[in-house]
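Chemist: Pasting the sequence and the predicted coordinates here, then a few questions.
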Amino acid sequence: MTQQLMMRTWHYFLRVCAMALAAALLAAPTAQASPRSKHLVRYADVQIEVVAEGQGPLVVMLPSLGRDSDDYDAVAEAFVRGGYRVLRPAPRGMGRSTGPTTGHSLHSYAQDIAKVIEHEASGPAVVIGHAYGNWVARTVATDHPKQVRGVVIAAAASKRYDPRLTGYIDKCEDASLPDDERLKYLRLTFFAADSNPKPWLNGWHPEVKKAQRAARAATRIEEFWGAGNAPMLDLMAAEDPFRLPETRDENLHEFGDRVTVAVIPKASHALIPEQPVAVAQAVSQWMRRLPVLQPGRVADSR
C-alpha cells in the first residue's frame, strides 16, 4: 500500500470513527480513575507543577508555544476515560513552575519532563508534544530513552515553513492589538475555517514564549529531531500552514517504519482543542499497538 493511500485510509477511518469513539469514551468505566490533582516535582533549582489524573499506562502532554496545558482538558479527559494516567507539566514560568529561563536549551526543558516521569515511578511514558512541545518531546526521547515508550508529534512544523508565521504568532498573543486583528491572525496561524479561535485570545504567556524560543535557538536540530529510536506518531492537521501537504512524508522518509502518519481533518495548527475526539482516537489506537515496557527499558522500534 502506498503512503498516499495509507494517509487517505487514515483520513477516512478517523472521520468514520469519531462519533463512535466519543460515545465509547463517555461510556467507558471510570471507577479506576483518580481525580484531577496538582503536585510539584523538584530537583536542583527547578520546580515543575504537574496536573495529574487517571490510572493506567503513563501519558505526558506538553503544550504549544507560550501556552499552558489547560487547552487540552478534553483530550486529557478522553485518555483518562480510556484507562491512562495523564500528566501535564506546566513549563517553567507558568503556574508554580519555576527555574532558570535564560541561558538554557531544549535539553533543559527535556530534563524537566524526564524528572516528572521519574517522579511518577510508573514509566516509561508516551510523550505527546503539541506544536512547540513536539521539539521538547523529541528531545526527551533523545536524552532520556529509558523514560519514553513512544512520542506523538502533534501539529509538528516541517523543517522549513513560511517564516511569516513566526510573526503571526506574535500578533496572536499581543493583547495591545484589537481582538478582531488578533482573531485574523489566529485563523491564519492556528485555526481551521470551521473552528472557533476566540478561546485563544486568552491563555498566552509572552515571557515564557520568549524563553522557549531562545531555548530552541540554542539547540541544533540534529540534537533532537530524530527522537532517539522511539516510535513516533506524526499526527498532522489537514489545514496546518506549518505542515503543507508536500511535507507530510518528511519524517516517514527520514525515519522509516518507526513513524506512523495520521492526518486529522478540519483542524489547523491548534489541532488538539479543535478536534479532541479525533486526536484521542488516533493516539489511543497507536498507543495500543506499542509494546508494554517495564520501567528502565528502552523501546526497540526495529
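Modeler: All right, it came through fine.

Chemist: Okay, now stretch 228-248: how far is its last residue from its first?
Modeler: 20 Å (CA to CA, to the nearest Å).

Chemist: again, but for stretch 52-64
Modeler: For stretch 52-64, the end-to-end distance is 18 Å (CA to CA).

Chemist: taking the mean pLDDT, what do you get for that stretch?
Modeler: Mean per-residue pLDDT for stretch 52-64: 97.

Chemist: which stretches of the stretch 201-302 of the chain aren't confidently modelled?
Modeler: Confidence mapping of the stretch 201-302 of the chain against pLDDT under 70 gives the ranges 293-302.

Chemist: how about the strands in it?
Modeler: Along the stretch 201-302 of the chain, the stretches classed as strands by DSSP state E, counting those that start in this stretch are 232-237, 259-264.

Chemist: Let me know which of these is tucked in deepest.
Modeler: Among those, the stretch with the highest mean neighbour count (mean count of other CB atoms under 10 Å) is strand 232-237, at a mean of 26. (C-beta placed from N, C-alpha, C; glycine too.)

Chemist: Please report phi then psi for the residue nearest to G203 when sequence neighbours are not counted.
Modeler: Distance criterion CB to CB, 6 or more residues apart in numbering; nearest residue to G203, sequence neighbours excluded, is R67 at 5.6 Å. The phi/psi pair for R67 (degrees, to the nearest 10) reads phi -130, psi 160.

Chemist: cool, R85 as well?
Modeler: Per-residue torsions, R85: phi -90, psi 120 (degrees, to the nearest 10).

Chemist: so where do the helices sit in the chain?
Modeler: Ranges of helices within the chain are 3-27, 73-81, 106-120, 132-143, 164-173, 179-189, 206-217, 250-255, 276-288, based on DSSP state H.

Chemist: what's across from the residue nearest to G203 in the sheet?
Modeler: Taking DSSP bridges as the rule, R67 bridges to W204.

Chemist: And it, what's its pLDDT?
Modeler: 96.

Chemist: if I read this right, it contacts N202, doesn't it?
Modeler: No. In this structure, R67 is not within contact of N202 by CB atoms under 8 Å, at 10.0 Å.

Chemist: Give me the more crowded residue out of these two.
Modeler: R67 (25 against 9; other CB atoms under 10 Å).

Chemist: Please report how far the residue nearest to G203 lies from L58.
Modeler: Remark: distance between R67 and L58 (CB to CB, to the nearest Å) = 22 Å.

Chemist: same question, S176
Modeler: 41 Å.

Chemist: hang on, the earlier thing: looking at the helices of the chain, which one is packed in the most?
Modeler: With a mean of 27, the top stretch among these by mean neighbour count (mean count of other CB under 10 Å) is helix 132-143.

Chemist: and that one, how far from the chain's centre?
Modeler: How far helix 132-143 lies from its chain's middle: 10 Å, per CA atoms, centre = their mean, to the nearest Å.

Chemist: now swap in stretch 84-102 and tell me
Modeler: The chain centre lies 14 Å from the centre of stretch 84-102; the measure is CA atoms, centre = their mean.

Chemist: Please put the alpha-carbon coordinates of that stretch into CSV.
Modeler: Output in CSV follows, covering the C-alpha atoms of stretch 84-102 (Å, rounded to 0.1, in the frame of the first residue of the first chain):
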residue,chain,number,x,y,z
TYR,A,84,-4.5,6.1,31.1
ARG,A,85,-2.6,8.1,33.7
VAL,A,86,-2.2,11.6,32.3
LEU,A,87,0.4,14.1,33.4
ARG,A,88,0.5,17.7,32.2
PRO,A,89,3.6,19.5,33.4
ALA,A,90,3.5,23.3,33.3
PRO,A,91,6.5,24.8,31.5
ARG,A,92,8.9,26.9,33.6
GLY,A,93,7.4,30.3,34.2
MET,A,94,3.8,29.1,34.3
GLY,A,95,1.7,28.5,37.4
ARG,A,96,4.1,27.3,40.1
SER,A,97,6.7,26.0,37.7
THR,A,98,10.0,27.8,38.3
GLY,A,99,13.6,27.6,37.2
PRO,A,100,16.1,29.4,35.0
THR,A,101,14.6,30.7,31.8
THR,A,102,17.7,32.2,30.2
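
Chemist: list the buried ones in it?
Modeler: The neighbour-count check on stretch 84-102 (16 or more other CB atoms under 10 Å) flags 84-95, 97-99, 101 as buried.

Chemist: Tell me the one of these nearest V46?
Modeler: G99 (3.6 Å; CB to CB).

Chemist: for that closest one, what are its contacts?
Modeler: Neighbour list for G99: D45, V46, Q47, I48, R92, S108, D112 [criterion: CB atoms under 8 Å, 6 or more residues apart in numbering].
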